[in-house]
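sequence plus predicted model, see below.
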Amino acid sequence: MWRRRQCRECKSVFTTHEAIDLSSSLRVSTNGELKPFISDLLFTEVLLALQDRKDCYTESREVTGTIIQELLKSQASPVFTPKQISEVTAGILKRFNQRAWHRYTAEHPSQQA
């Protein structure tokens, strides 16, 4: 959700964005241990995959948002495995940029045949 606001002192208009704190609502199950889902870790992985793109930071933020939306739609449970996250990430990267997909799958053993 976004809101338009105005500074009381300088009257400048700006936008604020509200977002769900995913680390408090989503979990990652690794070897039976539940850990918080940290979207910054996913962003970093996507950024590394897209590092050769001219606008890699903006594109990584947008792709990360798409991955999170897909994860949230994919199952009713708020618990994901690393493999589920990497499968969704690889699928979205493959559609977005083949080079990034190759780089990502090379770094993730769960994605190698």
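Yep, that arrived.

surely T105 and G91 touch.
No - counting by CB atoms under 8 Å, G91 is not a contact partner of T105; they are 10.6 Å apart. Where C-beta positions appear, they are placed from N, C-alpha and C, glycine not excepted.

more neighbours: these two, which one.
Neighbours per residue (other CB atoms under 10 Å) separate T105 from G91, with T105 holding more: 19 against 14.

okay, that one: pLDDT?
pLDDT for T105: 93.

quick one: secondary structure of it?
helix (DSSP: H, G, I helix; E, B strand; the rest coil).

over to T64?
The three-state assignment at T64 reads helix, by three-state DSSP.

would you check how far apart C56 and A100 are?
From C56 across to A100, the span is 9 Å (CB to CB, to the nearest Å).

mutual contacts of those two, please.
Residues touching both C56 and A100 (CB atoms under 8 Å, 6 or more residues apart in numbering) are L50.

C-terminal to the helix or strand of the chain with the lowest mean pLDDT, what's the next element?
When each helix and strand of the chain is scored by mean pLDDT, DSSP states H and E, helix 22-25 comes last, with a mean of 77. Once helix 22-25 ends, the next helix or strand along the chain (criterion: DSSP states H and E) is strand 27-30.

what's that next one packed up against?
Applying 3 or more CB pairs under 8 Å, 6 or more residues apart in numbering; DSSP states H and E, we find strand 27-30 packed against strand 33-36, strand 79-80, helix 82-96.

partner strands of it, parallel or antiparallel?
Paired strands of strand 27-30, with direction, are strand 33-36 (antiparallel), strand 79-80 (parallel) (DSSP bridges).

off-centre distance for the longest one?
Okay, so that is strand 33-36. Its chain's C-alpha centre lies 17 Å from the corresponding centre of strand 33-36 when counted by CA atoms, centre = their mean, to the nearest Å.
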